[in-house]
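*Asks:* Structure here, sequence nowhere to be found:
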């Protein structure tokens, strides 16, 4: 792992923070607010304590730092892979993560887990990018841990594949909570993710996968 790797990793963290801020501003703005799926507010999430926000933002960097310190030299390699290998590493890790997350997320909807953990997030009925941090810390640890576990199972992978996966994993999680759909065809995938997760928040019974819709299709929970 080189200095460039760590610079890019920090840059992705900062870009995610900026993305959440921009989408949070857009959903409240007069110009882009008209593209909201739902107009309702989230008074509980709007009053989210600063300590809770700080905890949910700080836990993932701590977990990434520990993962890279203990396993980085074993599970990541620095040289440039061939394009086919890069695709296999990148898509394979994301698909495995999303499969594991599907079952993790679905398990969180069991009554006991919903009361103890996931119900905190579902107090936010109208998802927004800023409200995506309204989580129980155990859920933050679980989601990040599954992503790192997928990297470990598929690995060793290149540092480039890791950075691509991390960017997609983190950015998509922000996008799905944006509560915005735009009419331009370029936003078709963006809109799909947003609508799918909005349905999940609204009905609380379906669309458990985070990235790929076919897990819900395969297990009969797509809506």
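*Replies:* Arrived safely. Predicted model, so just to flag it, every value in this text is computed and none were measured.

*Asks:* what are the phi and psi values for residue 157?
*Replies:* phi -120, psi 170 (degrees, to the nearest 10).

*Asks:* Identify the residue spatially nearest to it, adjacent ones excluded.
*Replies:* Excluding the flanking residues, the one nearest residue 157 by Cβ to Cβ, 6 or more residues apart in numbering is residue 89, at 4.1 Å. For the C-beta atoms, the positions are set from N, CA and C on the backbone; glycine is no exception.

*Asks:* Quick check: next helix or strand after the least confident helix or strand in the chain by mean pLDDT?
*Replies:* Of all helical and strand segments in the chain, the minimum by mean pLDDT, DSSP states H and E falls on helix 43-46, at a mean of 57. Once helix 43-46 ends, the next helix or strand along the chain (criterion: DSSP states H and E) is helix 50-75.

*Asks:* What residues of that next one count as buried?
*Replies:* 52, 56, 59-60, 63-64, 67-68, 72, 75 (16 or more other Cβ atoms under 10 Å).

*Asks:* Kindly report the same for stretch 184-199.
*Replies:* Neighbour-count burial for stretch 184-199, counted by 16+ other Cβ under 10 Å, picks out 190-191, 193-194, 196-199.

*Asks:* Next: stretch 76-87.
*Replies:* 76-77, 81, 86.

*Asks:* Distance check, the residue nearest the centre of the chain against residue 117.
*Replies:* Geometric centre of the chain, nearest residue: residue 173, 2.6 Å, by Cα atoms, centre = their mean. Per Cβ to Cβ, to the nearest Å, residue 173 is found 17 Å from residue 117.

*Asks:* Residue 147 now?
*Replies:* Per Cβ to Cβ, residue 147 is found 18 Å from residue 117.

*Asks:* quick one: low-confidence ranges for the chain?
*Replies:* 40-53 (pLDDT under 70).

*Asks:* if we go to 80?
*Replies:* In the predicted model of the chain, residues 1, 38-57, 122-134 satisfy pLDDT under 80.

*Asks:* can you give me the strands in it?
*Replies:* For the chain, applying DSSP state E gives strands covering 76-77, 157-158.

*Asks:* and the first one, which strands flank it?
*Replies:* Spelled out, that is strand 76-77. With DSSP bridges as the test, strand 76-77 is paired with strand 157-158 (parallel).

*Asks:* Figure out which of the strands of the chain is closest to residue 106.
*Replies:* Smallest distance to residue 106 across those (Cβ to Cβ): 26.7 Å, for strand 157-158.

*Asks:* got a list of contacts for the closest one?
*Replies:* 75-81, 85-86, 89-90, 93, 151, 165 (Cβ atoms under 8 Å, 6 or more residues apart in numbering).
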